[in-house]
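> Fold the following and give me the result.
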Amino acid sequence: MKRQISSPPLQDEKLISSFGIQRRNMLKFFGASAAVVALGSACRKNHDDNNPADTGVFLGAGDFQILNFAYALEQLEAAFYIQVVTAANFTTLFPSLEQTYMNDIRDHEVIHREFFKAALGSNAIQGLTPNFSSIDFTSRLGILNAAKAFEDTGVSAYNGAAQYISDINYLGVAGKIVSVEARHAALIRDLISNGTFADDLDTNAKDIEKTPTAVVDIANTFLTTKISKRGLPA
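Down below sits the predicted model:
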């Protein structure tokens, strides 16, 4: 039987990463391209802006929209791994080396989350509240299968959304982050079944991509605070 575990709002988690990334350094980097982003936001056309039935959290427009899209996904991933490594049964379900792996992934996702939060500043969406009730946190395989789903979704999300980023600086950052997410995905696959690290590539040996709207549909199944698809490229 699955144990139902309540999850706190993601914005309440104040984990400090051992990598020591400082918010002021992130702001310095992103401030250099703020004017370009503002221009891109003003010039780009959104879709489905007049859907009154979509009452989820609005991601914004232009590059800020795509950054918030990534920020929402990183919030979700960070919350999942935080819950995994802080669970009372973590050390009994995972051997020592795997505990190190999971803590490392947790740190990466927290850094990514805080990176986007700092980059967006006042344009950032609110902290989202996860709903992991469908995940079996009492089972190592249940946790790993959920991790695989999150990592695969993250990789496909960055691959599908990159084409909508106007600012080359943001595009470069997204490329560096998606490569880390792909490393996570490969590791998780091998923890489930050794040697399967690249078994989901397409016929051209490329990773899969998904549209932002398709990814939001997946993410919303794990969120109490739903994300709006309004304005997202389909």
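
> List the contacts of Tyr101.
Leu187, Leu191 (CB atoms under 8 Å, 6 or more residues apart in numbering). The way it works is simple: take the backbone N, C-alpha and C, and place the C-beta from them, glycine included.

> swap in Ile143?
Ile143 neighbours (CB under 8 Å, 6+ apart): Val84, Leu93, Ile135, Asp136, Phe137.

> next helix or strand past the helix or strand hosting it?
Taking DSSP states H and E as the criterion, Ile143 maps to helix 140-161. Later in the chain than helix 140-161, the nearest helix or strand by DSSP H and E is helix 168-192.

> tell me what that following helix is packed against?
Identification of packing neighbours for helix 168-192 by 3 or more CB pairs under 8 Å, 6 or more residues apart in numbering; DSSP states H and E yields helix 62-86, helix 96-120, helix 140-161.

> quick one: which of these is nearest Asn220?
Nearest of the helices and strands packed on helix 168-192 to Asn220, taken as CB to CB: helix 62-86 at 9.8 Å.

> Contact partners for Gly154?
Counted by CB under 8 Å, 6+ apart, Gly154 has contacts Leu73, Glu77, Val178, Glu181, His184, Ala185.

> ok, the last one - contacts?
Put plainly, it is Ala185. Lys148, Glu151, Asp152, Gly154, Val155.

> these two touch, right, the first one and Arg189?
Looking back up the chat, that one is Lys148. Yes - if you go by CB atoms under 8 Å, Lys148 and Arg189 touch, sitting 6.2 Å apart.

> Give me the below-cutoff pLDDT ranges for this structure.
By pLDDT under 70, the low-scoring segments of the chain are 1-53, 201.

> Look up how far Gly195 lies from Ile125.
39 Å (CB to CB, to the nearest Å).

> Ok, Gln163 next?
Counting by CB to CB - Gln163 and Gly195 are separated by 32 Å.

> same thing with Ser179?
21 Å.

> Among the two, which residue is more densely surrounded?
Ser179 (11 against 8; other CB atoms under 10 Å).

> Check the gap between the more buried one and Arg230 for me.
Distance of Ser179 to Arg230, given as CB to CB: 30 Å.

> Okay, buried residues for stretch 85-100 please.
Across stretch 85-100, burial judged by 16 or more other CB atoms under 10 Å covers Val85, Ala87, Phe90, Leu93, Phe94.

> quick check, distance from that stretch to the centre of its chain.
22 Å (CA atoms, centre = their mean, to the nearest Å).

> With only the CA atoms kept, save that stretch in CSV.
Output of stretch 85-100 as CSV, limited to C-alpha atoms (Å, rounded to 0.1, in the frame of the first residue of the first chain):
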residue,chain,number,x,y,z
VAL,A,85,16.5,12.3,0.9
THR,A,86,14.8,13.5,4.1
ALA,A,87,12.4,10.6,4.4
ALA,A,88,12.9,8.4,7.5
ASN,A,89,13.4,5.3,5.3
PHE,A,90,15.9,6.8,2.9
THR,A,91,19.0,5.1,4.4
THR,A,92,17.3,1.7,4.5
LEU,A,93,16.0,1.9,0.9
PHE,A,94,19.2,3.1,-0.7
PRO,A,95,22.8,1.8,-0.1
SER,A,96,25.5,4.3,0.8
LEU,A,97,26.7,5.1,-2.8
GLU,A,98,23.1,5.6,-4.0
GLN,A,99,22.4,7.9,-1.1
THR,A,100,25.3,10.0,-2.3
